[in-house]
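Visitor: Return a 3D structure for these sequence lines:
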Amino acid sequence: MTTQATTQPDSKPNRLQAIGAAFEKARPRIRDFFVHALGQVRILEKAYPGIMHFLIFWGVTIQVLGTIINILNMLLFFPWVITFPRGTAYLVYELIMDIAGIAILAGVTMAFFRRIVLRPKSLETRWDDYFALSLLALIPLLGFTMEGTRLLATNPPWAAWSPIGNLVAHIIAGLGMTSQGATQLHDILFWVHQGVALTLVASIPFTKMRHLVYAPLNVIFRPLRKTGALGKIENIDQAENLGVGKISEFTSQQLLSFDACVNCGRCEEACPAFAAGTPLSPKKLILNLRYVMYQDLLGGNGKMPLLVDERIKDEVLWSCTTCGACVRLCPILIEHVNTIVDMRRHLVIEGRMDGMLQDALANLGRYGNSFGQSDRMRAKWTQPILPTIKDARKEAVEYCWFVGDYASYSASLIEITQKTSNVFHKIGLDYGILYEGERNAGNDVRRVGEEGLFEMLTEKNMAVLSKSMFQTIITTDPHSYNTLKNEYSGNGNHPILHYSELLDQMITSGKLKFSKKLGYKVTYHDPCYLGRYNGVFDAPRRVIAATGCELIEMPRNRARSFCCGAGGGRIWMEEGSIKERPSESRIHEAVKLDGVQVFVVACPKDITMYRDAVKTTGKEDQIIVKDLIELVEEAL
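Guide: So this is what the prediction gives:
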């Protein structure tokens, strides 16, 4: 009897593949750590506080590393370890340590000046700020004095390589201190210095300094998903909690983010709801959540009801436009919007919303649109269009135009929708629409917190899209664009284009040429869900340039664009008591631009909000609101 030898497959390639896959998965977190935690890119976007923080952070980091090297160099704990610096390296080490100490003192001085003299409105100063800054200043001051006594006692030939220490040595020598006295003072300062440093370290969990630990952790462990997508509830039919009603129902990462907040106020400065005078301050919301979290840890045992707590009112959560400005500017990547939506989901389940929003959601559930119109009326705007627009469900087209609710039903927008269709016809676009098969894409439904309704709308749209014949989806609505691109799964990986991207591509390829130059002086408003969430900034600007218009940028533009106030379902809600609508603030901003005649938008909701704002601000004789497609049609 013979046996056949069998060979075991080599497991080494499998291990290498597993390591490679793990690295690919971790790569975004590694990148974020170096970009945001070490590089502090977002902090540096504001010059004064950015430079201030950069000096303190890197000064402290270098000093800590230098101290570790010095301890090893003393051969106290690891006598067999021979560490650098030696020779020239030691001289460079001394110089760098002095520079780091000066950086800390410069940064701390800037911080004190900012809190005591400049006092920006968004910055709230507490006792622990002054405590931490005082210790941070005291450590290098003691270090320089200690270094000066060492140089005076030993008088090394390389003293000039420690310029600040050498200066201190000369000062105390001039005061009559001897080398023996310097030695004795050095020993005292050494222990005082260590005591202050240890006090600072020990205070980290109890003061604002804890962000040294929590901020990098939040940067590393934040959820990895597309920028325009919210956290999804898996198996929604079986989920115990669709929203967050107690502090214990937040994820551990969200709780970490509350503790990581550094109270810098950048989110508050950028928030359109806060600027309008609503009760929402993204900063205070996060700080209140932190307070509730600590109260819960001290005795709530997870039973404290978050949303009925006196610190967090329903109207605070409903004020959010979900524009994402707070998230974009947060230096430690806290996700305010996702947190608010989580709590809104709980409010929706309990029916705690205003009447207008309830009606809109009821219409969306029954008719698939917020206007309460029959689905047969969705394509009524197409009746005068010739040739007849193709039905993408029945015949193959290159582009499927997902029109959206406002462009389909709003009486004030029908003309623009028809102009869009005419432009598509003129440039020979092979396109069709879904007619009565289309439903609201669900972007704002989801951000209101109606997860179940969002799932229903998604399923109906996906069922129609899966049976339709097209290559690319185009839409004129940034809200639909965002959710189709980032939150719909199983769309056959069809490209999703905003119409500005499509027009830009056709201009670049030479398929779209304009017969005249308009010559208007215009400004452009970046829609939140097109620009900040999806990075589409240049395409609309190139289209504007191609029409022969001169673009004057808004002071707040691109990723820093200011919201119109309609997002997150706010367009379906009562306005409430406010100082000034975000849309009105934006129009006031635009009319101050020299010679601007036209305020260009690329979103149906923006047309609605800004044309109304022009009337309410009395600026009708100063500026005209136009959709991008209107410029294109005129230039054709």
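
Visitor: Look at Ala202 and say how many residues are nearby.
Guide: 10 (other C-beta atoms under 10 Å). Every residue, glycine included, has its C-beta placed from N, CA and C.

Visitor: my bad, Ala396
Guide: Applying other C-beta under 10 Å, we find 12 residues neighbouring Ala396.

Visitor: For it, report the pLDDT, please.
Guide: The score at Ala396 is 96. That number is its pLDDT.

Visitor: ok, for it, nearest residue in space, not its chain neighbours?
Guide: Once flanking residues are discounted, Ala396 sits nearest to Met469: 3.9 Å by C-beta to C-beta, 6 or more residues apart in numbering.

Visitor: For that neighbour, pull up the helix or strand it's in.
Guide: For Met469, there is no host helix or strand (DSSP states H and E).

Visitor: Against Asn534, how distant is the closest residue in space to Gly404 that isn't next to it in sequence?
Guide: In this structure, Gly404 finds its nearest non-sequential neighbour in Asp477, 3.6 Å apart by C-beta to C-beta, 6+ apart. Distance, Asp477 to Asn534, by C-beta to C-beta, to the nearest Å: 12 Å.

Visitor: okay, these two: which has more neighbours?
Guide: Set Asp477 next to Asn534 and count neighbours by other C-beta under 10 Å: Asp477 wins out with 28 against 21.

Visitor: wait, isn't that one in contact with Cys603?
Guide: Yes. Counting by C-beta atoms under 8 Å, Cys603 is a contact partner of Asp477 at 6.5 Å.

Visitor: Could you look up the SS state of Thr523?
Guide: Secondary structure, DSSP: H, G, I helix; E, B strand; the rest coil: Thr523 is strand.

Visitor: you'd agree it is up against Gln597?
Guide: No. Assessed by C-beta under 8 Å, Thr523 is found out of contact with Gln597, at 9.2 Å.

Visitor: who's more crowded, those two?
Guide: Under the criterion of other C-beta under 10 Å, the comparison of Thr523 against Gln597 puts Thr523 first, with 24 against 17.

Visitor: Pull the contacting residues for the more buried one.
Guide: The neighbourhood of Thr523, defined by C-beta atoms under 8 Å, 6 or more residues apart in numbering, consists of 551-554, 590, 593, 596, 598-600.

Visitor: Likewise for Lys46?
Guide: Listed by C-beta under 8 Å, 6+ apart, the contact set of Lys46 reads Arg266.

Visitor: Tell me the backbone dihedrals of it, please.
Guide: phi -110, psi 120 (degrees, to the nearest 10).

Visitor: Over to the one 10 residues further on?
Guide: Backbone torsions of Ile56, given as degrees, to the nearest 10, read phi -70, psi -50.

Visitor: these two touch, right, it and Ile102?
Guide: No. Counting by C-beta under 8 Å, Ile102 is not a contact partner of Ile56; they are 11.7 Å apart.

Visitor: Compare the two (neighbour count), which wins?
Guide: Ile56 (22 against 16).
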